[in-house]
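Undergrad: mind looking at a prediction? Sequence and model below.
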Amino acid sequence: MIKEINKKLFENQLGDIPLLIIDEEGKIIAANKISRRMFPIISNDISFYDMFGNLISQNIRKSIFESGIQNRIFKASYKIEKAVDEDIEYQITVSPFNSHDEIQYFVTLIPLKDKYHQQNVYIYKSDLDDIIQDVDLRNIIGKIKSSFPFTFIGKVKVSNEVDTIGFPIWVKDANRKFVLSNNKFASTQELNNNEIEGRIGEDFQTEISKQLYDDVDAFIKDTANSVVIEKYYAQQTQGKYGIKISAESPIYDLDQNVIGYIGFTKYMDEKDLESDNPVAIKYINSTKKEAQVEMDDILLQTSPEPIFIYETDNLKFVEVNDVALKLYGYKREEFLQMDLTDLYAPEDIQTLIESSTDKSTTGSFSGPWRHKTKPGKSILVEISKSSVTFRGKEVNINVVRDVTEKLEMEKKLKSYKATFDNSNDLIFLVDKSGFITHSNDRVKVELGYSKSDLEQKQFLSIVSDEDRANLNSMILQSSKKEATTLDVGIKKSSSGIIQAHLNAIPILDYKDQIDSYNFTLTTLNSDANRSSSSGQTVVAASSKEGLDTSFLSNLFHELLTPVNVIIGFAHEIYDNIENPNAEQREAAEIIQENQKILIHTMDTAAEYASLHANKISVSPTNIKFIEILDDIQSNTKKSCAIERHRVFLW
C-alpha cells in the first residue's frame, strides 16, 4: 500500500488536480478530494478502467501496461462516461513509478476546457539527467551529482557554472537544507545566496510553496523517483500562455541511498512549445537505465530463466528474480543476505575460483556447473555471465539454465543406444509407412545388410512372400496402438530365409498418433533356408492351369511399395494442413477408404495365390447360412459401390 506520506503530495498540495494512484491491475489505491467530487463512481472497490466504455477501456489498459514495461509517460484525451459532466474531454496523463518493489501509476485527469488553469504532475523512474534535453542543464546536473557531497573547492567550481544557468536551480542535502543555489533562484526569493544556503525552505518560502516541496521531498526520499510539476501561466501578452516546469530528483550514494535533492524551475512560452527547440523535459523516458541493466523493471521481471546479480569484488548478491528463488528454494530476503559461494558445496569452491576467471563471450552459456539448493539437493546448471555497472557497482549478471534433467536424459539415451547397438536381437526403426529409418549392428551380422542398404527401404521388401500380406494387414495398415507379435520369415541379403519372432511396438507422437514403429526380431533358428520335411528347399511351382503363384506374390510386393509411398505422402500432406476445409477432409476420407479397399483386394489376391499353390489347407465344415447373410450383404454393397452398381434385395 502507498504510504500516508505519499498521499499528501496530491491530496493536500495538488488539490486542484483530479489525481489518482492505481496499481498494475488498475485498482484505485488512492484518490484526492476533487477527483472524488468530479467522478462519483470512484471508490477503492472499482477499477480505473470502469470509468470508460469497453473499447476505450481496452485501449487505455493496453497503453498503461506498455507505459509500465517501457518506463514512459502515457498521454491521451478521452471522454469519461462516469464523470459529472460527460460531455467534457479530459487529458489523461499516466506516470509509472516504483513504490517498494511494486509498479504503481500516478493518473491526472485534466478537463481540456480548463487547460490553462491547471497544473500537471509527472513521476519519472529515471533520474533528471536521463530525461532532460537541454544539454547545458544536463551537464551541470551531472557535475553536481558526481561531486556531491561538495568539498569547499568543488562547491566553488560548481557554483560558478550554476550561476551561468538562466533559470532557478538548487541543491539540498538529506536534511533538506539548501547547500547550493544560483543567483536566479536567490532573486526569486528576494534574497542572496548566503541568506539561503544552510537553511530549509520553511524559513523563507511561502506556506503553500513550502508545504508542496516538503511533500515532494518526502515522496522522492520514500520512492527514489523524480517529480516534475507543469503549470500553465498567463503572459503579459493578452491571450497568451506559457508553461512553468518545476522538477526535482534524488541524488544517490553508492548504496543507492538518497543523500540529497537537485531541482530547477524553467519557464517556456507558447512559441517555444510550438517550435522545434528542445524543451527542458522530454516526456518519453530515456532507455539509458535499461542499457545499464535496470533489471527490476525489464529483464528481471520478464525473463523466464533464473537470473541473479552479484558484486564482482565480494561476490555478494544484489538482485535476484522470482524464477531463481524458486529454483534454489530461498526467500528473497534470505538470498540477498548470501553470496555466490553459498550456491556451491565446499568441494566445488575450487571450481568457482576457476570459473571466476572465465572469459566466455557475453550471451553464451558455459558449464555445466554444480550448484546446491536450500534443501541440499545438487543441480547442474549452465551460466551466461555478463559484467556491467549496476547501481554504481561493478557486478556480474548470471543467467542460469537448469540442465539437470537434460543431462540425465542424455545419459539415459546413451545407455539406450548402447543396448540398441549391442543387442543380440535384430532391431529396426520403421516409419508409419513401413520404410526403415535405422537398424542395429546385429542386422548386418545376421542378414548381411549394411545400414546404407536398408536406409529408406521398405521393411516388407525383406519379409518372406507368404508373410508379407499378414504383417502388412496386422501392423502397418491396422492403426493399432498396442504391441503386436507374430512369427515371420526374413530374407537374407545373399539367399535364404531365417525365421524370427517379431515384436512390433508403435511409437506415438504428441497427438497420440502413430509416428513410427520399433520392430524387434528374435531369431527362431539358424537355418539359412526354410526347408521342407524332406530337407529340400521349397520352390514355388506353376500350376497345371498356368497360374504362376510366385509371379502373383512378386507382383503384390511390387505394387505394395508404391501404394504405401503414395498413401504415406497423401497422409503427410493432409496432416500439415492446419485447418482443413470440408472438401479437403472429404478427399482425405476417400483416400483412406480406397487404401483399405486396395489393400483388401491385394490381400485377397495373395490368399488366392497361396490357396492355388496348396499352401492353405481348406477344412470344410457345416454352417448356418443365415449366420453369414449379413456379412455377404455388407460385402456385396461395398463391391457394388466400388463398381457403381445398384443392389436390389428381395
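TA: Arrived safely. Numbering: from 1, shown residues only.
Undergrad: name the helix or strand for the residue nearest to residue 332 when sequence neighbours are not counted, please.
TA: Leaving aside its sequence neighbours, residue 332 sits nearest to residue 325 (C-beta to C-beta, 6 or more residues apart in numbering; 6.0 Å). Yep, even glycine has a C-beta here, placed from its N, CA and C like the rest. Using DSSP states H and E, residue 325 sits within helix 322-328.
Undergrad: report the buried residues of that helix.
TA: Neighbour counts over helix 322-328 (16 or more other C-beta atoms under 10 Å) mark 323-325, 327-328 as buried.
Undergrad: follow-up on the earlier one: what about the residue nearest to residue 332, distance to residue 245?
TA: Residue 325 sits at a distance of 41 Å from residue 245 (criterion: C-beta to C-beta, to the nearest Å).
Undergrad: which one is residue 349 nearest to, not counting chain neighbours?
TA: residue 341 (6.4 Å).
Undergrad: sec struct for residue 121, please.
TA: strand (DSSP: H, G, I helix; E, B strand; the rest coil).
Undergrad: so what's it closest to, chain neighbours aside?
TA: residue 229 (5.3 Å).
Undergrad: thought that neighbour was touching residue 246?
TA: Yes: with contact defined as C-beta atoms under 8 Å, residue 229 counts as touching residue 246 (4.7 Å).
Undergrad: in terms of helices and strands, where is residue 309?
TA: Counting by DSSP H and E, residue 309 is part of strand 307-311.
Undergrad: adjacent strands (with direction) for that strand?
TA: strand 317-320 (antiparallel), strand 393-402 (antiparallel) (DSSP bridges).
Undergrad: got a markdown table for the ones you listed, with distance to residue 17, mean pLDDT and mean neighbour count too?
TA: Output for the strands paired with strand 307-311, formatted as a markdown table (distance: least, C-beta to C-beta, whole Å; pLDDT from 0 to 100; neighbours: other C-beta atoms under 10 Å):
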| stretch | distance to residue 17 | mean pLDDT | mean neighbour count |
| --- | --- | --- | --- |
| strand 317-320 | 35 | 90 | 20 |
| strand 393-402 | 38 | 88 | 19 |
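Undergrad: need those in a markdown table with distance to residue 601, can you?
TA: Putting these into a markdown table (distance: least, C-beta to C-beta, whole Å) gives the following:
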| stretch | distance to residue 601 |
| --- | --- |
| strand 317-320 | 69 |
| strand 393-402 | 56 |
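Undergrad: nearest to residue 459, of the ones you listed?
TA: When the strands paired with strand 307-311 are compared by C-beta to C-beta, strand 393-402 sits nearest residue 459, at 40.0 Å.
Undergrad: which other residues reach that closest one?
TA: Residues outside strand 393-402 that contact it (C-beta atoms under 8 Å, 6 or more residues apart in numbering) are 254, 293, 295, 303, 305-313, 318, 324, 327, 365, 379-390.
Undergrad: all strands for the stretch 151-300 of the chain, in order.
TA: Along the stretch 151-300 of the chain, counting by DSSP state E, counting those that start in this stretch, strands occupy 169-173, 178-181, 226-234, 241-252, 258-269.
Undergrad: packing partners of the first one?
TA: Spelled out, it's strand 169-173. Judged by 3 or more C-beta pairs under 8 Å, 6 or more residues apart in numbering; DSSP states H and E, strand 169-173 is in contact with helix 135-147, strand 178-181, helix 183-188, strand 258-269.
Undergrad: partner strands of that strand, parallel or antiparallel?
TA: The pairing partners recorded for strand 169-173 under DSSP bridges are strand 178-181 (antiparallel), strand 258-269 (antiparallel).
Undergrad: repeat for the fourth one
TA: Applying DSSP bridges, strand 241-252 is found paired with strand 226-234 (antiparallel), strand 258-269 (antiparallel).
Undergrad: contacting residues for residue 382?
TA: Residues counted as contacts of residue 382 (C-beta under 8 Å, 6+ apart) are 365-369, 400-401, 403.
Undergrad: weed out the non-buried ones from the contacts of strand 393-402.
TA: 293, 295, 306-311, 324, 327, 365, 379-385, 388, 390.
Undergrad: list the buried residues of the longest helix that the chain contains.
TA: Longest helix of the chain, by residue count under DSSP state H: helix 582-612. Buried residues in helix 582-612, counted by 16+ other C-beta under 10 Å: 588, 595, 599, 602-603, 605-606, 609-610.
Undergrad: same check, this time on stretch 331-346
TA: By neighbour count with 16+ other C-beta under 10 Å, stretch 331-346 contains the buried residues 335, 338, 340, 342-344.
Undergrad: circling back: do you know how far the residue nearest to residue 332 is from residue 425?
TA: According to C-beta to C-beta, residue 325 stands 49 Å off from residue 425.
Undergrad: then residue 255?
TA: Remark: distance between residue 255 and residue 425 (C-beta to C-beta) = 68 Å.
Undergrad: again with residue 331
TA: Applying C-beta to C-beta, the value for residue 331 to residue 425 is 53 Å.
Undergrad: can you check residue 330 too?
TA: For residue 330 relative to residue 425 (C-beta to C-beta), the value is 50 Å.
Undergrad: those two: who's more crowded?
TA: A count of neighbours by other C-beta atoms under 10 Å puts residue 330 above the other of residue 330 and residue 425, at 20 against 17.
Undergrad: for the more buried one, give me its contacts.
TA: Applying C-beta under 8 Å, 6+ apart, one finds that residue 330 lies in contact with 338, 374.
Undergrad: please redo it, this time with the cut-off set to 6 Å
TA: The contact partners of residue 330, by C-beta atoms under 6 Å, 6 or more residues apart in numbering, come to residue 374.
Undergrad: same deal with residue 173?
TA: 179, 260.
Undergrad: identify the bridge partners of it.
TA: Following DSSP bridges, residue 173 is listed with bridge partners residue 260.
Undergrad: from now on call the first residue 9
TA: With 9 as the first residue, the last one maps to residue 181.
Undergrad: now it: how far from residue 159?
TA: From residue 181 over to residue 159 the distance is 14 Å, taken as C-beta to C-beta.
Undergrad: likewise residue 201?
TA: Relative to residue 159, residue 201 is positioned 18 Å away (C-beta to C-beta).
Undergrad: and residue 175, by the same measure?
TA: Residue 175 sits 26 Å away from residue 159, going by C-beta to C-beta.
Undergrad: just residue 80 next, same as before
TA: Per C-beta to C-beta, residue 80 is found 37 Å from residue 159.
Undergrad: could I get the helices and strands packed on strand 177-181 as CSV with mean pLDDT?
TA: Below are the helices and strands packed on strand 177-181 laid out as CSV (pLDDT from 0 to 100):
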stretch, mean pLDDT
helix 143-155, 84
strand 186-189, 91
helix 191-196, 87
strand 266-277, 83
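Undergrad: hang on, residue 392 in a helix?
TA: No: using three-state DSSP, the assignment for residue 392 is strand, not a helix.
Undergrad: can you check the pLDDT for it?
TA: What the model reports as pLDDT for residue 392 is 87.
Undergrad: what residues does it make contact with?
TA: Contacts of residue 392 by C-beta under 6 Å, 6+ apart are 373, 407.
Undergrad: can I assume residue 201 is in contact with residue 194?
TA: Yes: using C-beta atoms under 6 Å, residue 201 is in contact with residue 194, at 5.0 Å.
Undergrad: more neighbours, these two?
TA: residue 194 (20 against 17).
Undergrad: measure the more buried one to residue 480 for me?
TA: From residue 194 across to residue 480, the span is 100 Å (C-beta to C-beta).
Undergrad: for residue 398, same thing?
TA: Residue 398 is 66 Å from residue 480, by C-beta to C-beta.
Undergrad: what about the stretch 159-308 of the chain, any weak spots by pLDDT?
TA: Counting by pLDDT under 70, the stretch 159-308 of the chain has low-confidence residues at 213-220, 240-250, 276-308.
Undergrad: swap the cut-off to 50 and go again
TA: 242-247, 278-304 (pLDDT under 50).
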